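> Could you look at this predicted model? Sequence included:
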Amino acid sequence: MAGSTTVTRQVFDYGLGDKKKLVEKITVDFVGDALNGSVPNTTITLKGFLQKVVTNPGSTAPTDNWDVALGDPSDTSVDALAGVLQNRDTTTTEIVYPAVATVNQKFFLLGDYSLQISGNSVNSATGRIEFFVSEET
């Protein structure tokens, strides 16, 4: 069976009264190819400030130090997150709060990104990636 991804989206509000803000949770569940473990690239639309990313290896865990990248809309060979999702663990859920290091500013994302999962050779490996994007930093 070929590798696959499933993308789901949920929108939540937080805050009170006229100060309510929105945050979107984009969940990507993946299954590696049954013959070689590869996962197809998937286009996901992201709009706003990236607050955190959660990676969770599934019950059939990917190869240790599997990688996640977001190919930039203008050039998919460039990781829009500058490598912050490299070397994911094979047994532990990990949380990353990505920020531009020099100014501690959250990444602003706007467009269709190529989600790229690589470095896995476990056949039929599973996992989940959750992106939390808000309208404000």
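Nice, thanks for sending it over.

> hey, which strand is longest across this protein?
Ordering each strand of the chain by length in residues (DSSP state E) puts strand 42-57 first.

> which other helices and strands contact that one?
strand 4-14, strand 21-31, strand 67-72, strand 94-96, strand 105-118, strand 126-134 (3 or more CB pairs under 8 Å, 6 or more residues apart in numbering; DSSP states H and E). For every residue, glycine as well, the C-beta is placed using N, CA and C.

> The third one - contacts with which helices or strands?
Identification of packing neighbours for strand 67-72 by 3+ CB pairs under 8 Å, 6+ apart yields strand 42-57, strand 75-79, strand 105-118.

> try it again with 6 Å
strand 105-118 (3 or more CB pairs under 6 Å, 6 or more residues apart in numbering; DSSP states H and E).

> One more: the longest one?
Packed against strand 105-118, as judged by 3+ CB pairs under 6 Å, 6+ apart, are the following elements: strand 42-57, strand 67-72.

> CA atoms only for that strand, dumped as CSV, please.
What follows is strand 105-118, C-alpha atoms only, in CSV (Å, rounded to 0.1, in the frame of the first residue of the first chain):
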residue,chain,number,x,y,z
GLN,A,105,9.3,36.5,16.6
LYS,A,106,6.9,33.7,15.6
PHE,A,107,7.0,32.5,12.0
PHE,A,108,4.4,34.2,9.8
LEU,A,109,3.0,31.7,7.2
LEU,A,110,0.8,32.6,4.3
GLY,A,111,0.2,30.3,1.4
ASP,A,112,0.3,26.7,0.2
TYR,A,113,3.2,24.8,1.8
SER,A,114,4.6,21.4,0.8
LEU,A,115,4.7,19.3,3.9
GLN,A,116,7.7,16.9,3.5
ILE,A,117,8.2,13.9,5.8
SER,A,118,11.6,12.2,5.2
